[in-house]
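K.L.:
From the sequence below, what's the structure:
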Amino acid sequence: MAAPDVADPDLAHVEWNLDPLLDRDDGPAGVDALLDEAQRRADAFAAAHAGRVAELDGAGLVTAMTALAELQDVLGRAGSYAALNFSTATADPARGALLQKVQERGTQIETRLLFFELEWAALEDERAEELLATEGLDFARHHLLTARRYRPHLLTEPEEKILSEKSLTSHSAWTRLFEEQAAAIEVDLSRGAEGDDAGGGPVALEVALSRLFSPEREVRRFAAERVTAALEPGLRVRGYVLNTLMAEKMVDDRLRRYPHWLASRNLANEASDESVAALIEAVRARYELPRRWYRLKARLLGLDRLADYDRMAAVTNEHDAIPWSQAKDLVLDSYASFSPVLADTAREFFDGAYIDAPVRPGKRGGAFCAYTVPSAHPFVLLNYTARRRDVLTLAHELGHGVHASLARPQGVFHFATPLTMAETASVFGETIVFGRLLAQAPTPESRLSLLAESIEGSIATVFRQVAMNRFEDLAHTTRRADGELSLDRINGLWTQSQEELLGDAVEITEGYRTWWSYVPHFINTPGYVYAYAYGQLLALAVYAKYEEQGEAFVPAYLELLSAGGSRPPEELGRIVGVDLADPGFWDTGLTLVERQLDAAENAARDAGRLD
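P.N.:
From the prediction side, this is the model:
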């Protein structure tokens, strides 16, 4: 099987231009100017309001929040530039130094402003409600409401300042070390199996992982073996980073009186502990769905049982590379079939150089959309390797981008949603593009290939993310009970969470025990991963509404995206007719996954692949 075509001439020049974030083209000097401006504004804000928040009337609160929004926008431009600049070349010392400078100065500025949140939270409820009713506060009302939910967990101002300042040499520093280590991982595929043309020396981890899609088992086995070998040299360091950050979170949760390790994440997501537990248990109760698929896949591949490195294997011989220009046209046309507004908004990312797509040494792995700030445009990072899966990733990240773009008028406090709502537009956009690909599939074999990819996407986003949540739960609770965890213990907890998911359908190899160690979410955002499952199932439920209502659904959907995070998740759900408070809500999305599994079995029979 040929390696992914990453030498596409159209792809090679798909690089973002970060200069618009600075309003000038002088790079680091522009960042310094923004930081200086933010510091000036922060000093003026503190001089005007420190110790006097309780004296504000309604008009004064509007004025204060307007000034704070403008300040956050300036600071956000500097932070976005430094982070995005670093993400495409994590081994560049100058970029790393710039990011560190922005983090240090940004923390100083945020520390200068800590008083406002604390004084606002200290107001009596009756007084706060009176102020929140002020006309003209729409741009900040929900933000102020949610800030008051942290009242039981806030410390004194001196304590908060110490924790904020020390974060630079604790969480931020450890996260950066992990990211640099992970981005530097190279996988040596030069001694591939006979017929494997991946020779030529080390490749990026992303490229090596893409080999797991090969229909040739020896290619997959060898790639997995080499990935495991590549993870080994820095494994102790990454394990130590995980241990240290779990300990830091344990202390922080104790000081802030959070009852368990996931409580702070649930609060940030505007999700109750009960609703999150219901989601996790609903998905765990349906683990038989991915097992059913893996048993079917073993039959399609002619195996008695899959190994972990077989899970993403292509089930057909269709493996044509999809060049960048074709992927772009396909995604935009699919978006346009739903709404011209969606397509026009997505097209801006291509026309304005807001995408960075090629795989490069030192570039951060995976894909993401950076919202930046409302006064600037969002940016998308990809590692495009010309797979059909990469086309769906492009559709996914542009969904995030469209969501961010449409919500920009909400302002800095409201244009981003909680993580639990953040996947709605991305999964919806991916599902639209998948529908186009499926409709164009010329044969049952082609339909089977597409359905397999979609099912595996749902397994990765719903079931695997819940299994990773289970790993985090085991790791954090064990760390708190038993102290620092050995690498073998961490590996064992990872294996335990994966065995619960896979059951007897997939063999977990010895090498796979260390594959937790390149996942950034465990490090930079503990507890993050369940939000993928939440968002995927929510988006599938929203898509089911679209299937029911057709074109009449489009205005409500655009209203949902345009609302950003200006309302609680339950209210946002009601815009498109879904009830997040319904305990059976999760079954809608899970049923759609099961429906695709049924369709895949039928396609396999039509293709003559099953008896």
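K.L.:
residue ranges with poor pLDDT in the stretch 51-200 of the chain?
P.N.:
191-200 (pLDDT under 70).
K.L.:
Flag every buried residue along stretch 548-564.
P.N.:
553-554, 556-558, 560-564 (16 or more other CB atoms under 10 Å). C-beta here means a position set from N, CA and C on the backbone, and glycine is covered the same way.
K.L.:
now those residues as CSV including distance to Pro340, pLDDT and secondary structure?
P.N.:
Converted to CSV, the buried residues of stretch 548-564 look like this (distance: CB to CB, whole Å; pLDDT from 0 to 100; DSSP: H, G, I helix; E, B strand; the rest coil):
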residue, distance to Pro340, pLDDT, secondary structure
Phe553, 15, 96, helix
Val554, 10, 96, helix
Ala556, 16, 96, helix
Tyr557, 13, 96, helix
Leu558, 11, 97, helix
Leu560, 17, 96, helix
Leu561, 14, 96, helix
Ser562, 15, 97, helix
Ala563, 20, 97, helix
Gly564, 21, 96, coil
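K.L.:
Now for those residues: which two are most distant?
P.N.:
Phe553 and Gly564 (19.3 Å; CB to CB).
K.L.:
picking up where we left off before, which of the buried residues of stretch 548-564 sits closest to Ser210?
P.N.:
Leu561 (30.9 Å).
K.L.:
Leaving out sequence neighbours, find the closest residue to Leu540.
P.N.:
Gly589 (3.7 Å; CB to CB, 6 or more residues apart in numbering).
K.L.:
Could you give me the buried positions within the one helix or strand that neighbour maps to?
P.N.:
Assessed by DSSP states H and E, Gly589 sits inside helix 585-606. For helix 585-606, burial by neighbour count (16+ other CB under 10 Å) applies to 585-590, 592-594, 596-597, 599-601, 603-604.
K.L.:
Point to the residue nearest the middle of the protein.
P.N.:
Phe368 (6.4 Å; CA atoms, centre = their mean).
K.L.:
from what I can see that one touches Pro378, true?
P.N.:
No: contact between Phe368 and Pro378 fails when scored by CB atoms under 8 Å: they sit 10.3 Å apart.
K.L.:
shared neighbours, these two?
P.N.:
His400 (CB atoms under 8 Å, 6 or more residues apart in numbering).
K.L.:
Ala505 contacts Tyr294, correct?
P.N.:
Yes: with contact defined as CB under 8 Å, Ala505 reaches Tyr294; the gap is 4.0 Å.
K.L.:
list residues touching both of these two?
P.N.:
Leu306.
K.L.:
With Gly608 as the reference, measure out to the nearest residue to Ser517 once chain neighbours are set aside.
P.N.:
Nearest residue to Ser517, sequence neighbours excluded (CB to CB, 6+ apart): Arg238, at 4.7 Å. Per CB to CB, to the nearest Å, Arg238 is found 46 Å from Gly608.
K.L.:
now do Tyr543
P.N.:
31 Å.
K.L.:
now swap in Leu392 and tell me
P.N.:
Leu392 sits 27 Å away from Gly608, going by CB to CB.
K.L.:
ok, now Arg265?
P.N.:
Relative to Gly608, and taking CB to CB, Arg265 is found at 48 Å.
K.L.:
Between the two, tell me which one has more neighbours.
P.N.:
Arg265 (21 against 9; other CB atoms under 10 Å).
K.L.:
Tell me if I am right that the more buried one is in a helix.
P.N.:
Yes: secondary structure of Arg265 (DSSP: H, G, I helix; E, B strand; the rest coil): part of a helix.
K.L.:
so which helix or strand takes in the nearest residue to Leu56 once chain neighbours are set aside?
P.N.:
Nearest non-adjacent residue to Leu56, counting by CB to CB, 6+ apart: Ala64, 6.4 Å away. Applying DSSP H and E as the criterion places Ala64 in helix 58-87.
K.L.:
List the buried residues for that helix?
P.N.:
60-62, 64-65, 67-87.
K.L.:
now it: how far from the chain's centre is it?
P.N.:
Between the centre of helix 58-87 and the centre of its chain there are 22 Å (CA atoms, centre = their mean, to the nearest Å).
K.L.:
for it, packing partners?
P.N.:
Here helix 58-87 touches helix 28-49, helix 93-122, helix 125-132, strand 368-370, strand 379-381, going by 3 or more CB pairs under 8 Å, 6 or more residues apart in numbering; DSSP states H and E.
K.L.:
Most tightly packed of those?
P.N.:
strand 379-381 (a mean of 25; mean count of other CB atoms under 10 Å).
K.L.:
after it, next one along is what?
P.N.:
Next along from strand 379-381, by DSSP H and E: helix 388-407.
K.L.:
Quick check: which helices or strands does that following helix pack against?
P.N.:
Against helix 388-407 (3+ CB pairs under 8 Å, 6+ apart) you get helix 324-338, helix 340-351, strand 368-370, strand 379-381, helix 424-440, helix 444-458, helix 554-563.
K.L.:
out of those, nearest to Ala140?
P.N.:
With CB to CB as the criterion, Ala140 lies closest to helix 554-563 of the helices and strands packed on helix 388-407, at 14.8 Å.
K.L.:
neighbouring contacts of the closest one?
P.N.:
338-339, 341-342, 402-403, 406-407, 409-410, 424-425, 428, 542, 546, 572, 575-577.
K.L.:
Would you mark the buried spots in stretch 206-223?
P.N.:
206-214, 217, 219-223.
K.L.:
just to revisit the earlier point, how far away is the residue nearest to Ser517 from Ala83?
P.N.:
Distance, Arg238 to Ala83, using CB to CB: 21 Å.
K.L.:
what's the answer for Val331, then?
P.N.:
Taking CB to CB, one finds Val331 at 25 Å from Ala83.
K.L.:
Gly60 now?
P.N.:
Counting by CB to CB - Gly60 and Ala83 are separated by 34 Å.
K.L.:
same question, Glu104
P.N.:
Applying CB to CB to Glu104 and Ala83 gives a distance of 14 Å.
K.L.:
ditto for Ser190
P.N.:
Going from Ser190 to Ala83 by CB to CB gives 34 Å.
K.L.:
Asn17 too?
P.N.:
The value you get for Asn17 to Ala83, if CB to CB is used, is 16 Å.
K.L.:
Give the residue spans of the protein that score low on pLDDT.
P.N.:
Looking at the chain by pLDDT under 70, you get 1-7, 24-25, 191-200, 318-320.
K.L.:
Please settle this for me: is Val203 part of a strand?
P.N.:
Yes: under three-state DSSP, Val203 falls within a strand.
K.L.:
Could you give the number of residues near it?
P.N.:
24.
K.L.:
Bridged to it, which residues?
P.N.:
Beta bridges link Val203 to Val187, judged by DSSP bridges.
K.L.:
That one: what's it in contact with?
P.N.:
Counting by CB under 8 Å, 6+ apart, Val203 has contacts 186-187, 189.
K.L.:
Would you mind giving both backbone torsions of the nearest residue to Ala69 once chain neighbours are set aside?
P.N.:
The spatially closest residue to Ala69, leaving aside those adjacent along the chain, is Val412, at 4.9 Å (CB to CB, 6+ apart). The phi/psi pair for Val412 (degrees, to the nearest 10) reads phi -60, psi -30.
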